[in-house]
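1. Quick check, what structure comes out for this input:
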Amino acid sequence: MRIIRQAGLALLAFFALGATANATVHIHIDLSSQRMHVTSSSGSYNWAVSTARSGYSTPRGSYAPTSLQRMHYSRKYHMSPMPHSIFFRGGYAIHGTYSTGALGRPASHGCVRLAPGNAAQLFSMVKAEGARISISGSPPRGGTMVARAQRHSGSYAARRMLQAPMAYAPYGYAPSVQQWQYNPWQR
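-> Next up is the predicted model:
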């Protein structure tokens with residue numbers, strides 16, 4: 001009985017390893033263009049992503065998924081939600097983001113972010129078929145600098161809208177949290 005069980009476990013391990021080695025989902029992330037190209041049995045996809053912003057890095061190389069989590073909260077970054085996470089190296093993952101306006105340019109701490117719907121679709125494909133992940137290229141120069149809003153002659157409300165706080169502070173402007181809380185409109 002023990003021999004049959006061991007043979008069964010060996011056969012199961014063989015098929016599990018075979019599924020990983022013959023993964024049908026191929027994920028290629030190009031840091032230069034901030035794009036992800038996915039090829040699977042269900043088709044071919046090309047999506048905008050955000051990778052590491054200036055001061056951080058997204059690891060280059062070839063990887064296999066190490067863990068899939070439908071919803072993960074980053075303990076390292078203030079319990080930030082990471083829907084449909086596909087971990088591939090330590091704490092690095094491909095996951096959905098609610099900051100879809102930043103897609104197509106570097107904006108993360110190193111993870112690969114993509115639109116929530118695309119992340120859900122990719123998560124389902126990887127869960128069903130397994131995957132190989134490759135990351136190449138160099139991040140675009142210039143990081144995530146955002147130009148200051150230009151003033152124009154218009155209504156008071158229109159000028160205030162141009163000065164509204166942004167997800168990324170304009171280049172050269174970094175008030176303390178207390179300063180921002182006291183007066184978020186200051187320059």
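2. Show me what counts as buried in the strand or helix carrying R132.
-> Using DSSP states H and E, R132 falls within strand 131-136. Going by neighbour count (16 or more other Cβ atoms under 10 Å), the buried part of strand 131-136 is 131-133, 135. Yep, even glycine has a C-beta here, placed from its N, CA and C like the rest.
3. again, but for stretch 117-133
-> Buried residues in stretch 117-133, counting neighbours by 16+ other Cβ under 10 Å, are found at 118-119, 121-123, 125-126, 129-133.
4. and of the residues you listed, the nearest to S44?
-> Closest approach between those and S44, by Cβ to Cβ: M125, at 11.5 Å.
5. part of a strand, is that closest one?
-> No: counting by DSSP: H, G, I helix; E, B strand; the rest coil, M125 is located in no strand; its state is helix.
6. Look up how far P106 lies from it.
-> Note on M125: its distance to P106, by Cβ to Cβ, to the nearest Å, is 25 Å.
7. How many residues are close by the closest residue to A107 other than its chain neighbours?
-> Excluding its sequence neighbours, the residue lying closest to A107 (Cβ to Cβ, 6 or more residues apart in numbering) is S50, at 4.1 Å. Counted with other Cβ atoms under 10 Å, residues neighbouring S50 total 23.
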